[in-house]
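Asks: quick one, what's the 3D model for this:
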Amino acid sequence: MPDQPQTISLAETVWSRFQSVGFTPDFGPDVSRLLIGLYRLLAAEGHPITPDEVEQLAKTVGVAPEMARMFVEQAGERNEEGAVVGIVGLSLNKNPHKFLIHGHELTTWCALDPMLIAPAMTGP
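Replies: Numbering: from 1, shown residues only. So this is what the prediction gives:
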């Protein structure tokens, strides 16, 4: 089994190749910062992200709260209370593909999603 630096290097290589052929979405710098923050919150906390937490994260990363709300509505999964339980491939809901990070088991919408998400989770 590869060690973590090799796994990160592989994920970065795959990410780079996907980007070079236009396979990965380009949300622009603002929404990308928000998305990475949402990924990290889901993974670090292992529980739904409340609308207030989304708004606070948006302010922290320099995104207008309205833009954050629209992005979550378009690209996220929410529970009955309106909290984010999944966003662009990473989810707390049951899906067939498991992703273990920071001791929390999440799932991904697609088998390829961990290769797309891992670089965001391990980057600066």
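Asks: which parts of this protein are strands?
Replies: Secondary structure of the chain (DSSP state E): strands at 76-78, 84-87, 90-91, 97-101, 104-108.
Asks: tell me which of those strands lies nearest to residue 31.
Replies: In terms of C-beta to C-beta, the element of the strands of the chain nearest to residue 31 is strand 84-87, at 10.8 Å. Using the backbone N, CA and C atoms, a C-beta is placed for each residue, glycine as well.
Asks: so what's residue 64 up against?
Replies: For residue 64, the contacting residues are residue 58, by C-beta atoms under 8 Å, 6 or more residues apart in numbering.
Asks: ok, it to residue 71 distance?
Replies: According to C-beta to C-beta, to the nearest Å, residue 64 stands 10 Å off from residue 71.
Asks: ok, now residue 36?
Replies: Taking C-beta to C-beta, one finds residue 36 at 12 Å from residue 71.
Asks: equivalent analysis for residue 43, please.
Replies: In terms of C-beta to C-beta, residue 43 sits 18 Å off from residue 71.
Asks: send the alpha carbons of stretch 36-49 over as CSV?
Replies: Provided in CSV are the C-alpha atoms of stretch 36-49 (Å, rounded to 0.1, in the frame of the first residue of the first chain):
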residue,chain,number,x,y,z
ILE,A,36,-12.6,23.6,-0.6
GLY,A,37,-13.7,25.1,2.7
LEU,A,38,-17.0,23.1,2.5
TYR,A,39,-15.0,19.9,1.8
ARG,A,40,-12.8,20.5,4.7
LEU,A,41,-15.6,21.3,7.1
LEU,A,42,-17.5,18.1,6.1
ALA,A,43,-14.4,16.1,6.6
ALA,A,44,-13.1,17.7,9.8
GLU,A,45,-16.5,17.8,11.5
GLY,A,46,-18.2,14.7,10.0
HIS,A,47,-21.6,16.4,10.5
PRO,A,48,-23.9,18.6,8.4
ILE,A,49,-22.8,22.2,7.9
